[in-house]
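Undergrad: Sequence first, predicted coordinates after that:
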Amino acid sequence: MMHVVLAHETDFAGWRTAARSLAPAGVQPQDVVWSVREGADLLAVPAPPPVGAASFSVPRALLELAETAVQARDPERFALLYTLLFRVHAGERHLLDQATDPTVHRVSGLARSVRRDTDKMRAFLRFREVVEPEGTRHVGWFEPEHYILEANAPFFVRRFATMLWSILTPYRSAHWDGETLSFGPGADRTQVPDDDALEAYWRAYYRSIFNPARLKVAAMTSEMPRKYWKNLPEAAAIPTLIRTAQQRTAAMVEQTPMPSRPPRKSAPLPVPEGQPAGLAAIAQEAARCRRCPLWERATQTVFGEGARDAAMMLVGEQPGDQEDLAGRPFVGPAGQLLDRALQEAGIDRTRLYVTNAVKHFKFEPRGKRRIHQKPDSGEIAACKFWLDQELAEVSPRLTVLLGASAARAVLGRAVTIWRERGRAIPLSANATAFVTVHPSFLLRLPDEAAKRHEYAAFVRDLREAARLAG
Ligand code: URA
């Protein structure tokens, strides 16, 4: 039996060195015991590989999967990963494509769970200010499900490069002094100050964007799970907001003058001094958005644009290649088709507000091209933060949802387009949604007859939308 003792819980380098040495030596997975050194420290040097056989090259996909799954809080992760690597080395080169293989399935599940945890950390970590002799330090407390701090610390360095900050978790802490990133032991919640100006800001901000008429507790708790609430300053307001939602909705409806258009619902955002109010301020804030990792590759945030008092809002999926470069929604091929259809339906685009469910371009580089990738539900949920503010500011009578991603974002559930398209779906007392296809769907249709048929149906949908928007 071989014993490999790794330096710490996320010692990927140690695991890789040992595994690359063990597999060519023919050491069977069941003959290796993997463990982490007691009282492990990040600076500790990993154990040397137990046998000195020649190493071999490991497929990139397996290394990437291993790098993520190694962060999972599962004591068997090192052994599972070694099993995969051993089998790939033994000749199963396409093992990772076999999604139903029990080990592949289990490791992929771990990686997925780590990615979810990562998204939550990036979205829900909140800093509080602590004044120190060398300046103000921002201290954040987070309780991750997995060992994700080390892999995520560089993300926070990039995002908050000019701040001094510390992120404390129960198993380890990370510290940035403006130049160097270091790690220390875990901490506990009491080491983070309770209240400060930032906390008050987050609470006021959350209250201002909370729309009681759109309250869906299940959707809300799936996007912002309850376990994170205790560390989110703004979440302190949630129970009261939920409790009083009915009253507040009734009050809102009572205040609605009929039959003319209702006044704006939301209280104004607490805008930092010296910044423009309303959509412009939100767009400025969104330009620095780091709520999900999509910003890292995209050129810029593509925020919505159009009439501030539009009766109809169009929501697409996400900017495409050309929108990403131009910084404006729907200006590429799908946008041109949309423009043509709007014109045919007698709708003036300048009277609309046009935006996307996700504000950064998600793509896969392929040679010189950037191939569009569908945003996942985590990215849509993270970006809903901005869409909600656009909806609250513009307060459109009708929100046209172009395709499944937009429908998921606004309705908070998976939507089958052909089943729900073309009819009014109530959102609140004075707001309605309307589902239709995404213009890219028309561009992708292979034959001309189908294209013509679907285009005509799309124009019909837009006409009906215009009628509903009045
Ligand atoms: N597709 C979208 O969904 N939005 C755009 O802005 C462009 C293409």
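TA: Received it, and whenever you're ready, just let me know what you need. Residues are numbered from 1 along each chain as shown.

Undergrad: rest of the way, CA atoms for contacts and neighbours
TA: Fine.

Undergrad: The ligand contacts on the chain?
TA: Counting by CA under 6 Å from any ligand atom, the chain comes close to the ligand at 316-320, 323, 329-330, 334-335, 356.

Undergrad: Closest one to residue 184 out of those residues, please.
TA: Nearest to residue 184 among the residues of the chain next to the ligand is residue 318, at 39.3 Å by CA to CA.

Undergrad: backbone phi and psi for the closest one, please?
TA: In terms of degrees, to the nearest 10, the main-chain angles of residue 318 are phi -160, psi 160.

Undergrad: same question, residue 168
TA: The phi and psi values for residue 168, taken as degrees, to the nearest 10, are phi -110, psi 130.

Undergrad: where's it relative to residue 86, distance?
TA: Look at residue 168 and residue 86: by CA to CA, to the nearest Å, they are 36 Å apart.

Undergrad: which one of the two has more residues nearby?
TA: Neighbours were tallied for residue 168 and for residue 86 using other CA atoms under 10 Å; the higher tally belongs to residue 168 (25 against 21).

Undergrad: who touches the closest residue in space to the more buried one that isn't next to it in sequence in this structure?
TA: Leaving aside its sequence neighbours, residue 168 sits nearest to residue 141 (CA to CA, 6 or more residues apart in numbering; 4.9 Å). Applying CA atoms under 8 Å, 6 or more residues apart in numbering, we find residue 141 in contact with 125-127, 167-169, 189, 192, 231.

Undergrad: Show me the strands in the stretch 101-250 of the chain, by range?
TA: 127-132, 135-141, 164-168, 172-176, 181-185 (DSSP state E, counting those that start in this stretch).

Undergrad: which residues are in contact with stretch 59-74?
TA: 9-12, 77-78, 81, 85, 96, 107-108, 110-111, 113-115, 145-148.

Undergrad: averaged over its residues, what pLDDT does it have?
TA: Mean pLDDT, computed over stretch 59-74, is 93.

Undergrad: Likewise for stretch 82-96?
TA: Rounded mean pLDDT across stretch 82-96 is 94.

Undergrad: quick one: buried residues of that stretch?
TA: Residues 82-89, 95-96 are the ones in stretch 82-96 that count as buried (16 or more other CA atoms under 10 Å).

Undergrad: Just give me the closest of the residues you listed to residue 362.
TA: Distances from residue 362 to the buried residues of stretch 82-96, taken by CA to CA, are shortest for residue 96, at 23.6 Å.

Undergrad: Can you tell me how far the residue most central in space within the chain is from residue 11?
TA: The centre of the chain sits closest to residue 379, judged by CA atoms, centre = their mean, with a distance of 3.0 Å. Using CA to CA, residue 379 is found at 28 Å from residue 11.

Undergrad: cool, residue 445 as well?
TA: In terms of CA to CA, residue 445 sits 48 Å off from residue 11.

Undergrad: Please apply the same query to residue 299.
TA: Applying CA to CA to residue 299 and residue 11 gives a distance of 33 Å.

Undergrad: same deal with residue 147?
TA: Going from residue 147 to residue 11 by CA to CA gives 11 Å.

Undergrad: Among the two, which residue is more densely surrounded?
TA: Comparing residue 147 with residue 11 by other CA under 10 Å, the one with more neighbours is residue 147, at 24 against 20.

Undergrad: Need the three-state assignment for the residue nearest to the more buried one when sequence neighbours are not counted.
TA: Distances taken as CA to CA, 6+ apart place residue 71 nearest to residue 147, at 4.8 Å, with adjacent residues excluded. Three-state call for residue 71 (DSSP: H, G, I helix; E, B strand; the rest coil): coil.

Undergrad: State the number of residues packed around residue 71.
TA: Look at residue 71: counted by other CA under 10 Å, it has 26 neighbours.

Undergrad: What of residue 456?
TA: Other residues close to residue 456 by other CA under 10 Å number 15.

Undergrad: and what of the one 3 residues further on?
TA: When neighbours are counted by other CA under 10 Å, residue 459 registers 19.

Undergrad: pLDDT averaged over the strand or helix carrying it - what is it?
TA: Assigned by DSSP states H and E, residue 459 belongs to helix 448-469. On average, the pLDDT along helix 448-469 is 95.

Undergrad: got the contact list for it?
TA: Under CA under 8 Å, 6+ apart, the answer for helix 448-469 is 311-312, 341-342, 344-347, 397-398, 400, 422, 424, 434, 436-437, 442-443, 445.

Undergrad: run the last query once more with 10 Å
TA: 310-313, 337-338, 340-347, 396-400, 421-424, 431-439, 441-445, 470 (CA atoms under 10 Å, 6 or more residues apart in numbering).

Undergrad: next one: stretch 340-353
TA: 304-315, 335-339, 390-391, 394, 396, 399, 439, 455-456, 458-466.

Undergrad: List the buried residues in it.
TA: Applying 16+ other CA under 10 Å to stretch 340-353 flags 341-342, 345, 347, 349, 352-353 as buried.

Undergrad: in the stretch 351-470 of the chain, what residue is nearest the ligand?
TA: Per CA to the nearest ligand atom, the residue of the stretch 351-470 of the chain with the smallest distance to the ligand is residue 356, at 5.7 Å.

Undergrad: which one is that residue nearest to, not counting chain neighbours?
TA: Nearest one to residue 356, counting by CA to CA, 6+ apart, is residue 316 at 4.3 Å.

Undergrad: which phi and psi does that neighbour have?
TA: In terms of degrees, to the nearest 10, the main-chain angles of residue 316 are phi -100, psi -160.

Undergrad: And stretch 169-179, what's buried?
TA: Buried positions in stretch 169-179, judged by neighbour count with 16+ other CA under 10 Å: 169, 171-177.

Undergrad: Mind splitting this protein into its structural domains?
TA: Annotated domains of the chain cover 2-119, 125-191, 197-255, 279-469 [automatic domain parsing].

Undergrad: Mean neighbour count, those domains: which tops it?
TA: Counting by mean count of other CA atoms under 10 Å, domain 279-469 has the highest mean neighbour count of the domains of the chain, with a mean of 19.

Undergrad: picking up where we left off before, determine the three-state secondary structure at the residue nearest to the centre of the chain.
TA: Relying on three-state DSSP, one would call residue 379 helix.

Undergrad: Residue 100 reaches residue 106, doesn't it?
TA: Yes - applying CA atoms under 10 Å as the test, residue 100 and residue 106 come out as touching, 9.3 Å apart.

Undergrad: so residue 78 is in which element?
TA: helix 77-89.

Undergrad: For that helix, which helices and strands make contact with it?
TA: helix 12-22, strand 32-36, helix 60-69, helix 102-124 (3 or more CA pairs under 10 Å, 6 or more residues apart in numbering; DSSP states H and E).

Undergrad: Tell me which residues touch residue 137, please.
TA: Going by CA under 10 Å, 6+ apart, the list of residues near residue 137 reads 127-131, 163-166, 175-177.
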